[in-house]
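**Student:** sequence below, structure please.
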Amino acid sequence: MTYTGRRRSTILTRSLAFANMKRGMMKSPIIKRSVVVNGHKTSITLEDAFWIELRLIAAERKIGLGKLITQVDAERRDNNLSSALRLFVLAKYRPGAVAVRQQPRTGPSAAART
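**Tutor:** Model (predicted):
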């Protein structure tokens with residue numbers, strides 16, 4: 001089977017990332033990144049592997065990374081944004097691992113973020 005375009009790029013990106021991690025070339029350090037969520041600048045702390053997967057999921061959905069992060073932020077419940085993003089990636093590949101689907105927040109803290 002021959003892959004072309006975006007699908008080929010996705011496969012190559014994942015293959016190279018995981019091959020490098022396996023060889024110890026990429027230790028997947030936790031890196032703090034600045035993002036804009038609902039028009040507000042905030043920071044998230046994620047390992048490279050999660051960051052790569054978030055970018056690929058956004059590309060698959062044909063939306064920007066910022067929009068994807070905003071969607072995850074709106075759906076998270078009690079955990080911080082970085083944890084919510086890790087659970088989001090985990091749920092994509094291992095749906096049974098995330099037992100309870102998180103419900104959108106309500107109340108004063110949710111209203112303050114909009």
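
**Student:** check A91 and give its pLDDT.
**Tutor:** At A91, the pLDDT value in this model is 91.

**Student:** how about it: what's its closest non-neighbour residue?
**Tutor:** The shortest distance from A91 to any non-neighbouring residue, by Cβ to Cβ, 6 or more residues apart in numbering, is to V98 (4.2 Å). Every C-beta, even on glycine, is put in place using the N, C-alpha and C of the backbone.

**Student:** and the one you found, what is it in contact with?
**Tutor:** With contact set as Cβ atoms under 8 Å, 6 or more residues apart in numbering, V98 has these partners: 87, 90-91.

**Student:** of those, buried ones?
**Tutor:** L87 (16 or more other Cβ atoms under 10 Å).

**Student:** E60: which of the contacts of V98 is nearest?
**Tutor:** Proximity of the contacts of V98 to E60 (Cβ to Cβ) peaks at A91, which lies at 14.4 Å.

**Student:** any idea how far that closest one is from G39?
**Tutor:** 26 Å (Cβ to Cβ, to the nearest Å).

**Student:** many thanks, we can stop here.
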